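1. Here's my sequence, what's the structure:
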Amino acid sequence: MRKYAAVVALLFVAPAAAGASAQSYSTPTAPPRTTDAGTLARLAQDREIHERFMRGVAAEERADWAAAEGEFKRVVALDPPEPKGSTARYDLALAEVRLGRLDAAASLLEDALHRDPRFAAAAANLVTIELQRGDLSAARAAADRFVAVEPQSVLARYGRGLTALRAGDLTSARADFRALIDADPSYAVAHYDLALVELRAGRDDAARTELDAALALAPAYARARFALGTVLVRGGRRADARVAFDRCAHDAADPALRALAIELRDRL
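-> Presented below is the predicted three-dimensional model:
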């Protein structure tokens, strides 16, 4: 079964959610009785592909990315037919990301999508990787492709909105995040990202409305609390901003965000 990468406040490749092999295979049956050299060679290759997939998946599950890379590289070299061909490239891309090789990962996902244009998990991860590479043009193209593959997908719409926000296209970003909220008003992350759009547009009151909505849905949402503190400072409400930064420092799991919230709190 093909899986998606996880989405939190930002998209990111999360092999715990998407890193399991995108296709599962049953145990091979015993080879037929034959002495034909071509048939025996084909059966041996099929068995090697199967076994390397199994070893690669096991390596992913224990986060041994170097071992996973080796197994899936060999499968790619053997060039099995679909869906194994695109799946091997997808899993190899996940290993390359974890090994810090983003360019290689992007190329592998492009190849996987060329082989299987409706491979949604590959499309989702390609958006993430292009954002990590800082290639906003490629990220937007990947996001548009993902929406074309999965037009009803929340993840696809979110990815397109996020890439538009990163690129400074506030109109497009606002449209995507607003559509997500209209479809599911309880989507706290979409409220937060729409607030970021409004902040960049200089619409602080609209941003405050979205941040209040996000925090009503998720009171411990530290990034939303930090953004609220920023809005309050800009509005001259220093005492309220100090409370917001203090709560952010309490809730933040990210040490850098916590340290920044404490610093701003102590300045007020």
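2. isn't residue 102 right up against residue 128?
-> No - between residue 102 and residue 128 no contact is recorded; they are 9.9 Å apart, counting by C-beta atoms under 8 Å. Bear in mind the C-beta positions are built from the backbone N, C-alpha and C, glycine included.
3. higher neighbour count, those two?
-> Each of residue 102 and residue 128 has its neighbours counted (other C-beta atoms under 10 Å); residue 128 has more, 28 against 19.
4. where does that one land in three-state SS?
-> On the three-state scheme (DSSP: H, G, I helix; E, B strand; the rest coil), residue 128 is labelled helix.
5. For residue 243, see how far away it is.
-> Residue 128 is 35 Å from residue 243, where distance means C-beta to C-beta, to the nearest Å.
6. What's the biggest helix in this protein, counting residues?
-> helix 37-61 (DSSP state H).
7. Please point out which parts of that one sit buried.
-> By 16 or more other C-beta atoms under 10 Å, the buried positions in helix 37-61 come out as 49-50, 52-53, 55-57, 59-60.
8. same deal with stretch 159-171?
-> 159-165, 169-170.
9. quick one: contacts of that stretch?
-> With contact meaning C-beta atoms under 8 Å, 6 or more residues apart in numbering, stretch 159-171 is reached by 7, 10-11, 124, 127-128, 130-131, 136, 139-140, 142-144, 146-147, 172-173, 175-177, 180, 190, 193, 196-197, 200-201.
10. Kindly supply the PyMOL command isolating those of those residues that are buried.
-> Restricted to buried positions by 16+ other C-beta under 10 Å, the PyMOL selection for the contacts of stretch 159-171 reads:
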select buried, resi 7+11+124+127+128+130+131+136+139+140+142+143+144+146+147+172+173+175+176+177+180+190+193+196+197
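11. how about low-confidence regions in the stretch 101-250 of the chain?
-> Within the stretch 101-250 of the chain, no range satisfies pLDDT under 70.
12. mind listing the helices for it?
-> 102-115, 120-133, 136-149, 154-167, 170-183, 188-200, 204-217, 222-234, 238-251 (DSSP state H, counting those that start in this stretch).
13. What is the second one packed up against?
-> What it means is helix 120-133. Counting contacts by 3 or more C-beta pairs under 8 Å, 6 or more residues apart in numbering; DSSP states H and E, helix 120-133 packs against helix 15-18, helix 84-98, helix 102-115, helix 136-149, helix 154-167.
14. which of those helices sits most buried?
-> Highest mean neighbour count of the helices and strands packed on helix 120-133: helix 84-98, a mean of 26 (counted as mean count of other C-beta atoms under 10 Å).
15. my guess is residue 85 contacts residue 72, does it?
-> No - using C-beta under 8 Å, residue 85 makes no contact with residue 72, being 11.2 Å away.
16. How many residues are close by the nearest residue to residue 191 once chain neighbours are set aside?
-> Distance criterion C-beta to C-beta, 6 or more residues apart in numbering; nearest residue to residue 191, sequence neighbours excluded, is residue 214 at 3.9 Å. Residue 214 has 25 neighbouring residues, counting by other C-beta under 10 Å.
17. Repeat that for residue 78.
-> Residue 78 sits with 15 neighbouring residues when counted by other C-beta under 10 Å.
18. Then the one 4 residues further on?
-> Taking other C-beta under 10 Å as the neighbour definition, residue 82 ends up with a count of 11.
19. on that earlier part again, could I get the helices and strands packed on helix 120-133 in a markdown table, plus columns for distance to residue 77?
-> Formatted as a markdown table, the helices and strands packed on helix 120-133 follow (distance: least, C-beta to C-beta, whole Å):
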| stretch | distance to residue 77 |
| --- | --- |
| helix 15-18 | 22 |
| helix 84-98 | 9 |
| helix 102-115 | 13 |
| helix 136-149 | 26 |
| helix 154-167 | 31 |
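20. follow-up on the earlier one: now do the shared contacts for residue 102 and residue 128.
-> Contacts common to residue 102 and residue 128, judged by C-beta under 8 Å, 6+ apart, are absent.
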